[in-house]
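*Asks:* following is a predicted model, sequence given first.
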Amino acid sequence: MSMIAAFYSNKSILITGATGFLGKVLMEKLFRTSPHLKVIYILVRPKSGQTLQERVFQILNSKLFEKVKEVCPNVHEKIRPISADLNQRDFAISKEDVQELLSCTNIIFHCAATVRFDAHLREAVQLNVTATQQLLLMASQMPKLEAFIHISTAFSNCNLSHIDEVIYPCPVEPRKIIDSMEWLDDSIIEEITPKLIGDRPNTYTYTKALGEIVVQQESGNLNVAIVRPSIVGATWQEPFPGWVDNLNGPSGLIIATGKGFLRSIKATPTAVADVIPVDTVVNLTIAVGWYTAVHRPKSTLIYHSTSGNLNPCNWYKMGLQVLATIEKIPFESAFRRPNADFTTNNFTTHYWNTVSHRVPAIIYDFYLRLTGRKPRMLKLMNRLLKTISMLEYFINHSWEWSTNNTEMLLSELSPEDQRVFNFDVRQLNWLEYIENYVLGVKKYLLKEDLAGIPKAKQHLRRLRNIHYLFNTALFLIIWRLLIARSQMARNVWFFICPLFKL
Ligand SMILES: CCCCCCCCCCCCCCCCCCCCCCCCCC(=O)SCCNC(=O)CCNC(=O)[C@H](O)C(C)(C)COP(=O)(O)OP(=O)(O)OC[C@H]1O[C@@H](n2cnc3c(N)ncnc32)[C@H](O)[C@@H]1OP(=O)(O)O
Ligand SMILES: NC(=O)C1=CN([C@@H]2O[C@H](COP(=O)(O)OP(=O)(O)OC[C@H]3O[C@@H](n4cnc5c(N)ncnc54)[C@H](OP(=O)(O)O)[C@@H]3O)[C@@H](O)[C@H]2O)C=CC1
């Protein structure tokens, strides 16, 4: 039996962000490996018109939880949704629920955050800094709490090229930032944001760094640890390969490529693509919870959940494998034949964005207008290009993350625990992983059935023929215009005619 799985039996666990990508996989793994855990409290807010119960029902009845229902048939009795909104003071949790959380919680996994790169600083501070501070205050009133695990990001100090498993100071104290959000109005905050975030690319990475400092400063005598994942991708092995449920990180770009929208992206092909499978992050996080509670390290340990230094893959290899997989397993109703390349400078990026992205979108919108339909392609393309412009930072830089603590933890695990909670990225086969990732994007994000592959291939052949026809027509039009205007062109035309019996 796994010591770690046994540790979580009869435990009361609080997960924030359990309805998110990472949170769902964390919850699934805990239920599947420790079905005798007492309860998992999840802070949930009503969203998109769904009540708490409807959201929990949707999660428990999703494909992700199929295996859980086999080993833990009464999972719906062990999950306790608590109405909460991290935007509100005290999270708008009822007094009764607060009492239950304070008196029963043994382990906290704090995953909730806003991961948007363009979040207004006020929103990012509220969710990624103030909420963390408030949760720590709640945790300090939990007599049975054994460990508080905070999920940060490996990019919280992306302004440095080498990042150790330590907390780096920020120019302005988090408390001052939190206080200033109380009285500054939005326009002033927007004005000072660039100064505050300094050489970080966005409010997300900046506020995640502030959140770490709050954990360090306000954890008192709590038993705390921090996990820093890099770019979290689809599942590698568990509960099945390729599972992903949002467009963040690579997933959205894989769709954009497979649907033929994305034709070029500015990247440093040799830069390390530090993608880490979500189940690997979750296995590490669960092991950190166990180690922190059982071994009670004297200080707050930071664990990097990254792949670059132990099993590096670069963007060139990743992009090539994405394209090769899409070739084999195409997405349905592609806008154009998938074909993409990296650009390496601003000029070619702007050129291809115009020629390969905006002009085809304008032509397609013109076609939509001619056929009496509402033009939408240019708007969609501009939104995609905005998204790409915010992701480009992460594919045009390289970082080195030390993983001493993570490697130490791996060595502390028994062979059985290393098998059940595997976070050894050295075993990851990138080509296989990326292929499963693209397949997972097709199945779980686009909800496309594999039976539709022949039809998708036929659609691509049709697009290829249209592409050839369009290019031929364009060539002939240009040639005819040239002939009408240039003696040279006429001479060449009359010279080659007899050769090709034109
Ligand atoms: C020869 C060689 C060949 C090579 C060939 C190669 C070429 C082929 C290459 C093939 C790919 C190979 C891999 C390359 C991967 C690089 C990834 C690096 C990721 C690193 C990030 C991780 C950093 C750290 C990780 C963390 O620590 S944090 C977690 C990560 N956080 C995020 O990734 C949030 C990002 N996003 C936002 O921050 C918001 O999305 C925002 C952007 C503000 C827009 O915001 P807004 O304009 O409001 O628009 P949205 O509504 O959000 O979206 C607007 C519309 O775009 C849709 N859409 C949302 N997202 C994405 C997305 N990604 N990609 C695409 N579409 C997206 C959405 O569906 C909506 O479509 P619609 O609904 O309109 O139909
Ligand atoms: N994805 C990635 O590539 C990486 C993620 N991380 C970190 O991992 C953690 C989880 O990220 P991920 O799962 O990808 O993010 P998601 O956006 O998928 O999930 C975010 C979670 O936070 C919850 N949340 C956000 N705002 C509120 C709020 N106001 N009140 C209550 N809950 C709220 C969301 O709830 P709801 O469902 O209601 O919106 C959701 O459960 C974050 O801390 C992130 O910084 C770190 C590195 C990489």
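*Replies:* Yes, it's here. Ligands and ions are numbered 1, 2, ... in the order given.

*Asks:* quick one, what contacts the one residue in the stretch 301-450 of the chain that gets nearest to ligand 2?
*Replies:* Closest to ligand 2 within the stretch 301-450 of the chain is Ser305: 8.0 Å, counting by C-beta to the nearest ligand atom. Every C-beta, even on glycine, is put in place using the N, C-alpha and C of the backbone. Counting by C-beta atoms under 8 Å, 6 or more residues apart in numbering, Ser305 touches 154, 227-230, 276, 280-281, 284-285, 406, 423.

*Asks:* how about it, nearest residue that isn't a chain neighbour?
*Replies:* Spatial nearest neighbour of Ser305, chain neighbours left out: Pro229 (4.2 Å); criterion: C-beta to C-beta, 6 or more residues apart in numbering.

*Asks:* and for that neighbour, the neighbour number?
*Replies:* A total of 26 residues lie near Pro229 under the criterion other C-beta atoms under 10 Å.

*Asks:* that one contacts His150, correct?
*Replies:* No - under the criterion of C-beta atoms under 8 Å, Pro229 makes no contact with His150, lying 11.9 Å away.

*Asks:* how about the strands of the chain, start to end?
*Replies:* According to DSSP state E, the chain carries its strands in the segments 12-16, 39-44, 79-83, 107-110, 147-151, 162-163, 224-229, 231-233, 264-266, 275-277, 301-305, 341-343, 400-401.

*Asks:* the fifth one pairs with which strands?
*Replies:* In the sheet containing strand 147-151, its partner strands are strand 107-110 (parallel), strand 224-229 (parallel), by DSSP bridges.

*Asks:* possible to save the ones you listed as TSV with mean pLDDT and distance to Ala484?
*Replies:* As requested, these are exported to TSV (pLDDT from 0 to 100; distance: least, C-beta to C-beta, whole Å):
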stretch	mean pLDDT	distance to Ala484
strand 107-110	98	71
strand 224-229	98	62
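
*Asks:* which among the ones you listed is found nearest to ligand 1?
*Replies:* Nearest of the strands paired with strand 147-151 to ligand 1, taken as C-beta to the nearest ligand atom: strand 224-229 at 6.9 Å.

*Asks:* the closest residue to ligand 2 within the chain - nearest residue in space that isn't next to it in sequence?
*Replies:* Closest approach between the chain and ligand 2, counting by C-beta to the nearest ligand atom: Gly20, at 2.1 Å. The shortest distance from Gly20 to any non-neighbouring residue, by C-beta to C-beta, 6+ apart, is to Cys111 (6.1 Å).

*Asks:* and for the one you found, the neighbour number?
*Replies:* Burial of Cys111, expressed as a neighbour count using other C-beta under 10 Å, amounts to 25.

*Asks:* and the strands of the chain: which comes nearest Arg200?
*Replies:* When those are compared for distance to Arg200 using C-beta to C-beta, the nearest one is strand 162-163, at 12.6 Å.

*Asks:* who are the packing partners of the closest one?
*Replies:* In terms of contact count using 3 or more C-beta pairs under 8 Å, 6 or more residues apart in numbering; DSSP states H and E, strand 162-163 is assigned the packing partners strand 400-401.

*Asks:* okay, now the sheet partners of the strand it packs on, with direction.
*Replies:* Here strand 400-401 has these sheet partners by DSSP bridges: strand 162-163 (parallel).

*Asks:* can you give the distance of the strand it pairs with from its chain's centre?
*Replies:* Computed by C-alpha atoms, centre = their mean, to the nearest Å, the separation of strand 162-163 from the middle of its chain amounts to 21 Å.

*Asks:* could you shift the numbering so residue one becomes 640, and keep it that way?
*Replies:* Okay, residue one is now 640; in that scheme the one you just asked about reads as strand 801-802.

*Asks:* what sits against Ser858?
*Replies:* 775, 787, 939.

*Asks:* same check on Pro720?
*Replies:* With contact taken as C-beta under 8 Å, 6+ apart, Pro720 is in contact with 681, 683, 691-692, 694-695.

*Asks:* whichever of the residues you listed end up buried, select them in ChimeraX.
*Replies:* Selecting only the buried members of those in ChimeraX, with burial defined as 16 or more other C-beta atoms under 10 Å, works like this:
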select :681,683,691,694,695
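
*Asks:* export the contacts of Pro720 to JSON lines and tack on pLDDT and distance to ligand 2?
*Replies:* Below are the contacts of Pro720 laid out as JSON lines (pLDDT from 0 to 100; distance: C-beta to the nearest ligand atom, whole Å):
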{"residue": "Ile681", "pLDDT": "98", "distance to ligand 2": "9"}
{"residue": "Val683", "pLDDT": "97", "distance to ligand 2": "7"}
{"residue": "Leu691", "pLDDT": "94", "distance to ligand 2": "10"}
{"residue": "Gln692", "pLDDT": "94", "distance to ligand 2": "14"}
{"residue": "Arg694", "pLDDT": "96", "distance to ligand 2": "8"}
{"residue": "Val695", "pLDDT": "97", "distance to ligand 2": "11"}
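
*Asks:* buried ones in the biggest helix by length in the chain?
*Replies:* In the chain, with assignment by DSSP state H, the single longest helix is helix 1092-1124. Within helix 1092-1124, the residues scored as buried using 16+ other C-beta under 10 Å are 1092, 1095, 1098-1099, 1102, 1122.

*Asks:* do you know how far Ala751 is from Ser722?
*Replies:* Separation of Ala751 from Ser722 (C-beta to C-beta, to the nearest Å): 14 Å.

*Asks:* hmm, back to that, quick one: which of the contacts of Pro720 is nearest to His1106?
*Replies:* Minimum distance to His1106 across the contacts of Pro720 is 43.9 Å, recorded for Arg694 (C-beta to C-beta).

*Asks:* ok, that closest one touching Lys686?
*Replies:* Yes - in terms of C-beta under 8 Å, Arg694 counts as a neighbour of Lys686; the distance is 6.7 Å.

*Asks:* overlap in contacts, these two.
*Replies:* A shared contact of Arg694 and Lys686, defined by C-beta under 8 Å, 6+ apart, is any residue touching both; here these are Thr658.

*Asks:* quick one: low-confidence parts of this structure?
*Replies:* In the predicted model, the chain carries pLDDT under 70 at residues 1139-1141.

*Asks:* ligand 1 contacts on that one?
*Replies:* Applying the criterion C-beta under 6 Å from any ligand atom, the portion of the chain that neighbours ligand 1 consists of 754-757, 792, 794, 870, 886-889, 891-893, 895-896, 904, 955, 957-959, 961-962, 979-981, 1022-1023, 1025-1026, 1029-1030, 1033-1034.

*Asks:* which of those residues are buried? Put it as a ChimeraX command.
*Replies:* Of these, the buried ones can be selected in ChimeraX as follows, counting by 16+ other C-beta under 10 Å:
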select :754,756,792,794,870,887,888,889,891,892,893,895,896,904,957,958,961,962,979,981,1023,1026,1030,1033,1034
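
*Asks:* any idea how this protein splits into domains?
*Replies:* Structurally, the chain divides into domains by automatic domain parsing as follows: 642-878+912-949+1036-1066, 1088-1141.

*Asks:* format those as CSV; extra columns: distance to Pro999.
*Replies:* Formatted as CSV, those follow (distance: least, C-beta to C-beta, whole Å):
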stretch, distance to Pro999
domain 642-878+912-949+1036-1066, 26
domain 1088-1141, 10
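
*Asks:* if you compare these, which one is most tucked away?
*Replies:* Mean neighbour count (mean count of other C-beta atoms under 10 Å) peaks for domain 642-878+912-949+1036-1066 among those, with a mean of 19.

*Asks:* from one end of that one to the other, what's the distance?
*Replies:* 22 Å (C-alpha to C-alpha, to the nearest Å).
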